[in-house]
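Chemist: sequence and predicted model, in that order:
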Amino acid sequence: MESDYNKPVNIGSDRLVTIDELADMIIKISGKRITKKYDLTAPQGVRGRNADLTLIRNKIGWKPKVTLEEGLEKTYKWIETKVNEDRKTLTINTNQGYCT
């Protein structure tokens, strides 16, 4: 996509998602058994996040092509692949106390 517009713009999902919902999505994608814990004594943060895509739509006609869940799943799988590749090449030298 080409454009003469050269100022910062928001990209992402314009769907409002709470941190709790985001955590649930990632837990489901990971396939792991994770129990969330809440600190109810801590200050309450923002209820949720979403991107305002008005500017980018108006200036260059951009809109997301994948859902938040699809993007998270692709990102999770990519990171998981990279971590597994690194684990295969990592040799721990216990005698020297460092990783090579």
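Modeler: In hand now; what should we look at?

Chemist: tell me which stretches of the chain form helices.
Modeler: Counting by DSSP state H, one finds helices in the chain at the ranges 19-30, 54-60, 68-89.

Chemist: avg pLDDT for the shortest one?
Modeler: For helix 54-60, mean pLDDT rounds to 93.

Chemist: stretch 5-18 now?
Modeler: Per-residue scores along stretch 5-18 average to 91.

Chemist: and it, what's buried?
Modeler: Neighbour-count burial for stretch 5-18, counted by 16 or more other Cβ atoms under 10 Å, picks out Val9, Ser13. The C-beta positions use only the backbone N, C-alpha and C, and glycine is treated the same way.

Chemist: what's the end-to-end length of it?
Modeler: Taking Cα to Cα, to the nearest Å, stretch 5-18 runs 31 Å from one end to the other.

Chemist: the residue lying closest to Asn50 once chain neighbours are set aside and Arg47, how far apart?
Modeler: For Asn50, ignoring the flanking residues on the chain, the nearest one in space by Cβ to Cβ, 6 or more residues apart in numbering is Leu16 at 4.4 Å. Leu16 is 8 Å from Arg47, where distance means Cβ to Cβ, to the nearest Å.
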